[in-house]
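[1] Compute the structure for the input listed below.
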Amino acid sequence: MAMACQLSAIAAITMVALVLAAAIATLTSVITAQEPPTPGKNCYRRCMPGDARVCHFSFEVHLYQILSRACYNCPRNATDCARSDCIAGDGIKRRIIAINKQMPGPAMQVCEGDKVVVDVKNSLPAEGITMHWHGITQSGSPALTVNEPPSGTPYMDGVPGITQCPIHAGSSFRYSFYAHNVGTHWYHAHSGFHRGDGVFGALIVRRSLNTDPNVNAYDHDLPEHTILVTDWLHIPTEDKFALNYHGGGDDFAESILVNGQGPFQHANASDPASLVPYRRFKVTPGESYRFRLISTAILNCPITFSIDQHLLTIIESDGNPIVPINATSLVIHSGERFDFVLHPTHDKSDIFWMNFMGSVDCAEPQAHQFAFLEYERQHVNPKNFKHGDLSLNDRDLLRKLPPKPVFTEIPPEGVQVNSLNSACYDDLVCIADLRSPYSLPDDLKYPQANLTLYLAFEMRPIHNSHFYSRMFYDFELVGEDQQVSTPQINNISFTAISAPLLLNKRRVENKICNAELPLPSKNCHDDHCECVHLYEIPLGAVVDLVLIDEGQHGDESHPVHLHGYHFWVIGQHRPDDVVDAAITRSEVMAMDARGELQRNFDRPVQKDTVTVPDAGYTIIRFRADNPGFWLLHCHVLFHSVAGMELVFKVGEDHQIPEPPADFPSCGDFRHTAL
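    Numbering: from 1, shown residues only. I've put the predicted structure just below:
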């Protein structure tokens, strides 16, 4: 009876919230429908209530090249590296895929409530592509009456096989959605390995100053203070994957880039790659600046970020405000974003090293990068700053530089936020230790959620027929240097789908499985199981996901991203500095049954991407109020492509918004006459 009353109350609250959301969406639609489209590059402005616009962007995706002919004599001539269409990378030539001949792609700077329209033209010779808007929930409201259709745009989420068909070579697709999610976000290809080859960019949604809880924390919020940090390969990403999963090759990154650029740190002095200009960021002493840091990493490459002789006042993560915390360094994982405020106060130096140190898959090759924080001593209007890049040929500035730091996995002394695989104590601050300025909604404070799912992430040393042959080269028969583990969730690999679930809700029912369903549904061969890994969640339910990294094989953490939602991080734990620690899903379930998994309801932070510590767990909570098919996956690209992902179907079929009538379809074909 108590649970029934609780669900009734939840349903009533959800109904009110959805009515309000629908009204706001309708009002925004009316406002923007009256405005002519604004070229996307002109949508950066001071955000004001009632000033919603239609921001139109045009993306062309095509094959391109690091150090193409557009670069002339770059990097030997640093000025040439700033030429239009020149992408310098780390000075090592390789094939890439670029948007509008830019890497990162064009920055999208819009305001809360803007309608964002992006025309994506696929000019690749043969591959399909999609674009995901990481941090945008595409949210709306379900049908409240029989005659009222659901709202929301789940079909704009950009996941092939889940929400849309790939954009075929030579064709175009128009993405259209409302920028309801304020904060630092980004976009990237969600097809194959395209993200690793350069298809990504910043998506910043600003709010009006009177609604910004951190408005008094900084003086300037400039587009040029957005930092995208990328682990970087010297060969195309699919080649690296093939070598790793089929040829015994490693999965290490050779380099790290800052906003698509930076010298290869292991190049010798005579190598032109050592001359690629560093990115630099200018500030005026006495002013305070908001910086936005985004990790676009594709490998398990957590990056430790710090600025010499400066504190970082961290104010936001994944677009959600946090109670400001001062730190000397922070660790950022693939898909995460952190906003911090910088207070330039030094009176003796003019230029400082900004440090990006890689770990795990970036540690053995010592992949790292630097950029520069440069003081402008004479006050200059920020709009008139000329933000350039610092080359080793800039002798005047180089004379002011302290010695270049060396690669290290040891962070600077002081507080570190989001530490890698560490118990939370003293100066090591975990995400679950941070606090939001806002209270958790009352209807989410129940000790027990309506639905709790335990999801174990593990790299399993099993016979996977995609990588091995039982007869000729079994997992156990090949040498250790030829063994590669299979990334799975709950011992299940996600299998590819030819037709999007959102368009073909019933066609794959016989291929669906999860850990709670009988074994035959899991399509198991030997010890490898794969299927359309899917859970159904009632609309309006409060859901706890207990994300577990079993740590049985390898010392890896997993950054996990949930599409369609921003969740609350209500718990996180790892055994205290235990070497080779391990934990199982069944052990965690038993611990929870005994009440040993602590959940924090005191202003937990919201995120859309969170790391699961090795041999530990992270607990997240959300209300399933956004109907659709939503992907949850490890954001390490090699892991997700190999099957470490699953789908949540939220709501019944009639509660899920239908795509437009002319929405592209695709699927398998067999000629019945043959």
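[2] Packing partners of the helix or strand where Ile97 lies?
    Secondary structure from DSSP states H and E places Ile97 in strand 95-99. For strand 95-99, the packing partners by 3 or more Cβ pairs under 8 Å, 6 or more residues apart in numbering; DSSP states H and E come out as strand 54-65. For every residue, glycine as well, the C-beta is placed using N, CA and C.
[3] Partner strands of the strand it packs on and their direction?
    Using DSSP bridges, the strands paired with strand 54-65 are strand 37-39 (parallel), strand 95-99 (antiparallel), strand 115-122 (parallel).
[4] Show me what the shortest one is in contact with.
    To tie it back to what came earlier, the one meant is strand 37-39. Residues from elsewhere that reach strand 37-39, judged by Cβ atoms under 8 Å, 6 or more residues apart in numbering: Arg53, Val54, Cys55, His56, Val117.
[5] Now tabulate the residues you listed in JSON lines and tack on distance to Ile431.
    Compiled in JSON lines, the contacts of strand 37-39 are given as follows (distance: Cβ to Cβ, whole Å):
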{"residue": "Arg53", "distance to Ile431": "34"}
{"residue": "Val54", "distance to Ile431": "36"}
{"residue": "Cys55", "distance to Ile431": "31"}
{"residue": "His56", "distance to Ile431": "36"}
{"residue": "Val117", "distance to Ile431": "34"}
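[6] so which of these comes closest to Ile410?
    Using Cβ to Cβ, Cys55 comes nearest to Ile410 of those, at 43.6 Å.
[7] gap between that closest one and Ala515?
    Distance from Cys55 to Ala515, counting by Cβ to Cβ, to the nearest Å: 42 Å.
[8] One more: Gln265?
    According to Cβ to Cβ, Gln265 and Ala515 sit 43 Å apart.
[9] before we move on, the earlier item: could you identify which of the strands paired with strand 54-65 has the lowest mean pLDDT?
    Looking at those, the lowest mean pLDDT belongs to strand 37-39 (a mean of 88).
[10] Can you mark which positions in that one are buried?
    The neighbour-count check on strand 37-39 (16 or more other Cβ atoms under 10 Å) flags Thr38 as buried.
[11] Could you list the low-confidence segments of the stretch 451-600 of the chain?
    Within the stretch 451-600 of the chain, the segments meeting pLDDT under 70 span 506-507, 519-522, 526, 553-555, 576-580.
[12] Which of Cys55 and Ala515 has more residues huddled nearby?
    Neighbours per residue (other Cβ atoms under 10 Å) separate Cys55 from Ala515, with Cys55 holding more: 25 against 18.
[13] Mind giving me the PyMOL command for buried ones among the contacts of strand 37-39?
    In PyMOL, this line selects whichever of the contacts of strand 37-39 come out buried by 16+ other Cβ under 10 Å:
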select buried, resi 53+54+55+56+117
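[14] Low-confidence ranges, the stretch 251-400 of the chain, go.
    The model of the stretch 251-400 of the chain has pLDDT under 70 over residues 377-399.
[15] Would you map the strands across it?
    Using DSSP state E, counting those that start in this stretch, the strands assigned to the stretch 251-400 of the chain run over residues 255-258, 278-283, 289-295, 303-307, 312-317, 320-327, 329-332, 337-342, 351-358, 368-375, 389-390.
[16] who wins for proximity to His185 among those?
    strand 337-342 (7.0 Å).
[17] So what touches that closest one?
    Residues outside strand 337-342 that contact it (Cβ under 8 Å, 6+ apart): 135, 183-186, 214, 217-218, 283, 288-295, 307, 310, 312-319, 324, 330, 332, 373, 417-418.
[18] what angle separates that strand from strand 278-283?
    Strand 337-342 runs at 50 degrees relative to strand 278-283, counting by axes from the mean of the first three to the mean of the last three Cα atoms, to 10 degrees.
[19] Can you tell me the strand partners of strand 337-342 and which way each runs?
    According to DSSP bridges, strand 337-342 forms sheet pairs with strand 289-295 (antiparallel), strand 312-317 (antiparallel).
[20] could you check the angle strand 351-358 makes with the longest one?
    Using the same axes, to 10 degrees, the interaxial angle of strand 289-295 with respect to strand 351-358 works out to 20 degrees.
[21] and the angle for strand 289-295 with strand 368-375?
    Using the same axes, to 10 degrees: strand 289-295 against strand 368-375 is 170 degrees.
[22] With just CA atoms, put strand 289-295 into PDB.
    Output in PDB follows, covering the C-alpha atoms of strand 289-295 (Å, rounded to 0.1, in the frame of the first residue of the first chain):
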ATOM      1  CA  TYR A 289      37.900  34.300 -16.100                       C
ATOM      2  CA  ARG A 290      35.700  31.300 -16.600                       C
ATOM      3  CA  PHE A 291      37.400  28.500 -18.400                       C
ATOM      4  CA  ARG A 292      35.500  25.400 -19.900                       C
ATOM      5  CA  LEU A 293      37.500  22.100 -20.100                       C
ATOM      6  CA  ILE A 294      36.200  19.300 -22.200                       C
ATOM      7  CA  SER A 295      37.700  15.800 -22.600                       C
END
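[23] Now do that strand: everything it contacts.
    The contact list for strand 289-295, computed with Cβ under 8 Å, 6+ apart, reads 184, 186, 202, 204, 214, 217-222, 225-229, 281, 283, 303, 305, 315, 330, 332-342, 344.
[24] hmm, try it at 7 Å
    Where contact means Cβ atoms under 7 Å, 6 or more residues apart in numbering, the residues beyond strand 289-295 that reach it are 184, 186, 202, 204, 218, 220-221, 225-229, 283, 303, 305, 332-342.
[25] for the shortest one, same thing?
    Strand 312-317 has contacts (Cβ under 7 Å, 6+ apart) with 183-184, 214, 217, 321-322, 324-327, 330, 336-342, 417, 605, 607.
[26] Could you say which helix or strand holds the nearest residue to Gln164 once chain neighbours are set aside?
    For Gln164, ignoring the flanking residues on the chain, the nearest one in space by Cβ to Cβ, 6 or more residues apart in numbering is Pro500 at 5.6 Å. Under DSSP H and E, no helix or strand contains Pro500.
[27] any idea how far Pro500 lies from Pro657?
    13 Å.
[28] The two: who's more crowded?
    A direct count of neighbours by other Cβ under 10 Å for Pro500 and Pro657 places Pro500 higher, at 24 against 21.
[29] Roughly how far does that one sit from Val650?
    16 Å.
[30] Just the pLDDT at Val406, thanks.
    On pLDDT, Val406 comes in at 87.
[31] burial count for it?
    By other Cβ under 10 Å, the residues close to Val406 number 9.
[32] repeat for the one 5 residues further on
    As a burial measure, Pro411 scores 23 neighbours (other Cβ under 10 Å).
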